[in-house]
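[1] compute the structure for the input listed below.
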Amino acid sequence: MDTSDAVKTILAHAGQGSGEKCRTGFLGSLRPFLGIQVENLHEVMESIITCSAILQSESARAVRLGAAIWDMCHQARVYGVDQRGLLRSNNLVTEEEVATLENYLDVIESATINLLLGQPVAFAIARYYTFLENADIPPESTRNSIRPLLDVLLTDEDSDYVEMATRLIGKWR
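    Just a heads-up that it's a prediction; the model follows:
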């Protein structure tokens, strides 16, 4: 995925635009409720990692992209996490799904804010790594979207991040 595709993917997951991804992506899948889909988290995170240089810059593009991600997360919290939100007030989600959605939002927000603050990519995505380490082994199709995470961790100067990537690779064999 190149940067241009990653920006489009983030905007689609944030419901900004048209097309299938706007309806089935991270935010779109919450209204109408299509279920909490881990594939959407992985695609958003792949896009955030791909756009890390943009988010770390102090450009207007970084502000717009960061705002789109933040709006997506805010709307998802309003729809699915807030007690008075659409999904919970209508009993469309279980407490387990609420906890899962909240975990996904924490992963996305953590990566985004750390990149906007100029943190190194490996540090910014550490929470995503922790999520993956505790998750079930993903299907082959999902592993491809996680590849950018592993590339970042494996090429970092900090041996702790290299070790993190090595553990994930070992887990998935």
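
[2] ranges for the strands of this structure?
    Taking DSSP state E, the chain contains no strands at all.

[3] helices of that one, start to end?
    Secondary structure of the chain by DSSP state H: the helices cover 3-13, 20-24, 38-50, 52-56, 60-76, 86-89, 95-116, 121-124, 126-134, 140-154, 159-172.

[4] mean pLDDT and distance to Leu30 for the ones you listed - can I get that in TSV?
    C-beta here means a position set from N, CA and C on the backbone, and glycine is covered the same way. Listed next are the helices of the chain as TSV, based on pLDDT from 0 to 100; distance: least, CB to CB, whole Å:
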stretch	mean pLDDT	distance to Leu30
helix 3-13	95	11
helix 20-24	93	10
helix 38-50	93	10
helix 52-56	95	23
helix 60-76	96	6
helix 86-89	95	7
helix 95-116	97	8
helix 121-124	90	25
helix 126-134	88	19
helix 140-154	76	20
helix 159-172	81	28
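
[5] can you say which of those is nearest to Arg31?
    Arg31 lies closest, by CB to CB, to one member of the helices of the chain: helix 86-89, at 6.4 Å.

[6] got the helices of the chain as CSV, with distance to Pro32 columns?
    Formatted as CSV, the helices of the chain follow (distance: least, CB to CB, whole Å):
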stretch, distance to Pro32
helix 3-13, 16
helix 20-24, 9
helix 38-50, 15
helix 52-56, 30
helix 60-76, 14
helix 86-89, 9
helix 95-116, 15
helix 121-124, 32
helix 126-134, 26
helix 140-154, 24
helix 159-172, 33
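
[7] good, we can wrap up now.
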